[in-house]
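Engineer: This is a predicted model, with the sequence first.
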Amino acid sequence: MQSPYVIPDNKRLIIVDAHDTILKRDLSRDPDDVFGDPTETERVVWVVRDGLLNFIEYYAHMRRARFVISSDGNPDRLRAVFEQFGIARRIHRIYGRDHLHPQTYLKQLDIIARDAEIPIDQCVFIGDSRIDALSAENYGVDFIRVPGTLEDATFSFNEFLRPAFARPDHGLEIQKITNLRQVKRNLSTPELVEEVTARQEGRLLHLGALAVESSPGGAGTPTDRYVVKEPASAARVYWEGSFQAFDADRFEILYLRLLAFLQDRELYIQDCAMGSEHGRQYALRVITQTAWHSLFTRNCFVQVDRTGLGDFLPEFTIIHVPHFKAIPDVDGTTSESFLILHLARKLAVIGGTSFAGELRRAAFNLTGYYYAQEDLLPTSCSSNRNPEDGSLFLYFGLPGLEHTAATLARDCAFFGDAHHVWTRDGVFNLEWGCYEPADDLDPTTNPVVYTASRRFATILENVRVTEHRRAIFSTPDDGVMASFPITHIDHVDRGGAAAHPRHVFVLVRDTFGAFPALARLTPEQTAALLLLGYDAPAGENGGPGVPRYRPFFDEYPLLFHPAVYAVLLWERLRISETQCWLVASGSARAESGSVSLVARVRNGKISEGELIPDPVWNFSCLAAPPGGAAPEAAIGVRTEFQKRLHEYRRLIDPPLVQAFGKEP
């Protein structure tokens, strides 16, 4: 069945209605934010609908069609909206209420065609209402109806781009990528392994893993991270976080340079998805310059069934060109490597770095931005399940030996490596692969990752290799990472979606000695602890470190204010009645056995009689913990907690502000 959203090739003039067709209501924004006119009294602010920017750029730039707006609104105000979204230059003319027929109130499309000097049969009208359809019928213009924003708020103008994906370039011209030497789309894992070795991007090791090199410095290579500042997202993004604002005009200049760089080159496409729950799954296209990054994509994200690739329509796109480097003086970056998100276009562009983790970061941030707007909580955590009753366990905290060991415990079924979404109904895994630190990898302390690192198509990033093609894991080399699909883990749960978790664990490094080894938290304390992101790693000489605070441990930079995620998490914890636990590790508890404490909780081996009120903190802890809190350290950290939470008082609810007592 042919899609109703097809514009014939002979159409040179595309006439579109404005309100509820290409513009949607956004009641969360102030009218001044768009119109810049304090005298305006209208309470409804209009922003562009999903996919519109790609739609207009494609048909105006690639198909050379003209765009005209036919509306009953104010042309000056409409132009102000289009200017802020950077598409005014693509709009040939805007017709307001003056062009309506004085008796019938039909839109006089014949006048629009005459002014454009284009025959009626080369025009098409896109609208959402009955009056739009009658106007097209009256003047003999082909009409395409789209659902209005109140009828279907999720409609995307990407639907009009579907025919482009059937073309020989697989839709790359939608991103203005043209004149390529060759495009290789959706190669299988064995085919990609062959490509990597044939192009000398990596070496095939004993048992079939691949050794590749990232940018110098491996995972530690700094990458500038930006978000294009445009009206659709500017009011929502937390600009004081890890992402810097990037000027929209500068982005266009950088992107044009990147397009020129790609001329006559070879590219790889992997069409995949984010989200294991089909009803909430986002289609993702990853375009890479190298075969090994295409293999990483295939290892990491949810693979699409081959039968579904024929009509695959990506909602998000990532373009990764590691050999293209930014010029700071020209592009406005601070280094040659960059990751830029254009949230309105649902696009990420990565250049100047081969570190594969940036692909994962881009996918999580792009999709997480939209999940959060649907009242869904994107989380950076790992998970496993009880194989007998299916109970889910979530683990928050910085990656480390205890974190990995708890997640990959043999008595549980592994569920997810790093990224999940927590809904009102439960939790689903965002990815279908693992990306684990592999420096100083040991088969005794980390047997699961060690075994996976020796399997076919596992990517070993920055690993040392012997002359006999065997990986050397015995040295603590910074930046050694292992990428593999979850199918490389024997004890894995492939369900992808689960009910609310039974237990949530927050694993913290606490060489400062502020916490007991194990404590039971309230939902408020759990959300507040993650909002603060307390971390006290060992100092330079192996002794106690200085506490530092990074919201949600800053493992993946957040696009919204951290308080948004904390409140969402608190709400999920309350409705799910999940039990929450703090597990502290550090030099003061070298023998405490953090992993064994987690296992005891999972298996129901902690009784109420073993828990007593902590003398400093407002929670319960083990009566005889193998490594308790140091009172002076605990009091100092608690005071700092209270102070920092008080600073969030305008953004979070009072129970969160007072989770660890009132500010002194």
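Structural biologist: Nice, thanks for sending it over.
Engineer: contacting residues for residue 595?
Structural biologist: Shown in contact with residue 595 (C-beta atoms under 8 Å, 6 or more residues apart in numbering): 402, 405-406, 409. Quick note: C-beta positions are derived from backbone N, CA and C, even for glycine.
Engineer: rerun that using 6 Å as the cut-off
Structural biologist: 402, 405-406 (C-beta atoms under 6 Å, 6 or more residues apart in numbering).
Engineer: Ranking by neighbours, what's the top pick from the residues you listed?
Structural biologist: Among the contacts of residue 595, the one with the most neighbours (other C-beta atoms under 10 Å) is residue 406, at 25 neighbours.
Engineer: secondary structure class for it?
Structural biologist: helix (DSSP: H, G, I helix; E, B strand; the rest coil).
Engineer: Not counting its neighbours along the chain, what's nearest it?
Structural biologist: With C-beta to C-beta, 6 or more residues apart in numbering as the criterion, residue 406 has its nearest non-adjacent residue at 4.7 Å, and that residue is residue 598.
Engineer: just to revisit the earlier point, wait, which of the contacts of residue 595 is closest to residue 148?
Structural biologist: residue 406 (49.1 Å; C-beta to C-beta).
Engineer: what's the distance between the closest one and residue 60?
Structural biologist: 53 Å (C-beta to C-beta, to the nearest Å).
Engineer: Repeat that for residue 142.
Structural biologist: Where residue 60 is concerned, residue 142 sits at a distance of 19 Å (C-beta to C-beta).
Engineer: What of residue 103?
Structural biologist: Here residue 103 is placed at a distance of 34 Å from residue 60 (C-beta to C-beta).
Engineer: who has more neighbours, these two?
Structural biologist: residue 60 (18 against 6).
Engineer: so the more buried one, which of the three states?
Structural biologist: Applying three-state DSSP: residue 60 is helix.
Engineer: For the closest residue to it other than its chain neighbours, give its distance to residue 271.
Structural biologist: Spatially, and ignoring its direct neighbours in sequence, residue 60 is nearest to residue 90 (4.4 Å; C-beta to C-beta, 6+ apart). Relative to residue 271, residue 90 is positioned 28 Å away (C-beta to C-beta).
Engineer: Can you tell me which helices and strands the strand or helix carrying residue 330 packs against?
Structural biologist: Assigned by DSSP states H and E, residue 330 falls within helix 328-331. On a contact count with 3 or more C-beta pairs under 6 Å, 6 or more residues apart in numbering; DSSP states H and E, helix 328-331 meets no helix or strand.
Engineer: sorry, back to before: make CSV from the contacts of residue 595 and add distance to residue 229 and pLDDT to it.
Structural biologist: CSV is the format used below for these (distance: C-beta to C-beta, whole Å; pLDDT from 0 to 100):
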residue, distance to residue 229, pLDDT
402, 39, 77
405, 42, 85
406, 40, 89
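Engineer: could I get those as JSON lines with distance to residue 335?
Structural biologist: Below are the contacts of residue 595 laid out as JSON lines (distance: C-beta to C-beta, whole Å):
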{"residue": "402", "distance to residue 335": "33"}
{"residue": "405", "distance to residue 335": "35"}
{"residue": "406", "distance to residue 335": "36"}
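Engineer: tell me which of those residues is nearest to residue 508?
Structural biologist: Closest to residue 508, out of all of the contacts of residue 595 and judged by C-beta to C-beta, is residue 402, at 10.0 Å.
Engineer: Name the nearest residue to that closest one, sequence neighbours excluded.
Structural biologist: Of all residues not flanking residue 402 in the chain, residue 594 sits nearest, at 4.5 Å (C-beta to C-beta, 6+ apart).
Engineer: Kindly indicate whether residue 366 is helix, strand or coil.
Structural biologist: Three-state call for residue 366 (three-state DSSP): helix.
Engineer: Which strand residues bridge the closest residue in space to it that isn't next to it in sequence?
Structural biologist: Using C-beta to C-beta, 6+ apart and skipping the chain neighbours, the partner closest in space to residue 366 is residue 316 (5.1 Å). Note on residue 316: beta-bridge partners by DSSP bridges are residue 284.
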